[in-house]
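> Attaching a predicted model along with its sequence, questions to come.
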Amino acid sequence: MKTPIAAAVVVTALAGAASAAEPYGVWMRPSTGTQVRFYDCGGKLCGKIVGVRDQSRKSEIGTVILPGAAKSGANEWKGNLLNTENGKTYSGVLAMEGNGLSLKGCIGFICQGETWTRVKQ
């Protein structure tokens, strides 16, 4: 009887480890304190602003900044990213890097970005 229980514990532990490597959940942009929830949207990765540090930006809550990035590698997604600071949309790459989520917006071959920190799953 102990074997099925041990197997269930191992499967549960592996599922938890796998979800930690996924970008789903709420992440914070360090430079602005903006919080974005990343979620599955029809098999793609989407992101919506769910919190702001600067209350003058409160109207941005609910704005979709990532309307559907496609998985392009083991820990990478590519899609369009909205920069709410200037209203422009950039070709973007999101990548899990250790405990962080790296977001980079690109124009041609020039990319800029930040590594975000997870707030909650």
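The structure has been received and is ready for your questions.

> going forward, measure contacts between C-alpha atoms and count neighbours the same way
OK.

> what bridges to residue 69?
residue 45 (DSSP bridges).

> should've said residue 90
The partner residues for residue 90, given DSSP bridges, come to residue 81.

> Can you check the pLDDT for it?
Here, the pLDDT recorded for residue 90 equals 93.

> and it, how many neighbours?
17 (other C-alpha atoms under 10 Å).

> what does residue 60 give?
Residue 60 has 18 neighbouring residues, counting by other C-alpha under 10 Å.

> Then residue 78?
Residues within reach of residue 78, counting by other C-alpha under 10 Å, total 22.

> Check residue 110 too.
The tally of other residues near residue 110 (other C-alpha under 10 Å) stands at 8.

> need the strands for this structure, in chain order.
Taking DSSP state E as the test, the strands found in the chain are 25-28, 35-41, 44-51, 64-73, 76-83, 88-97, 100-107, 110-120.

> would JSON lines of those strands with distance to residue 58 be doable?
Conversion of the strands of the chain to JSON lines gives the following (distance: least, C-alpha to C-alpha, whole Å):
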{"stretch": "strand 25-28", "distance to residue 58": "15"}
{"stretch": "strand 35-41", "distance to residue 58": "11"}
{"stretch": "strand 44-51", "distance to residue 58": "8"}
{"stretch": "strand 64-73", "distance to residue 58": "14"}
{"stretch": "strand 76-83", "distance to residue 58": "15"}
{"stretch": "strand 88-97", "distance to residue 58": "19"}
{"stretch": "strand 100-107", "distance to residue 58": "22"}
{"stretch": "strand 110-120", "distance to residue 58": "19"}
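
> if I look at residue 25, how far off is residue 87?
Distance check for residue 25 against residue 87: by C-alpha to C-alpha, to the nearest Å, it reads 24 Å.

> Alright, I will stop here.
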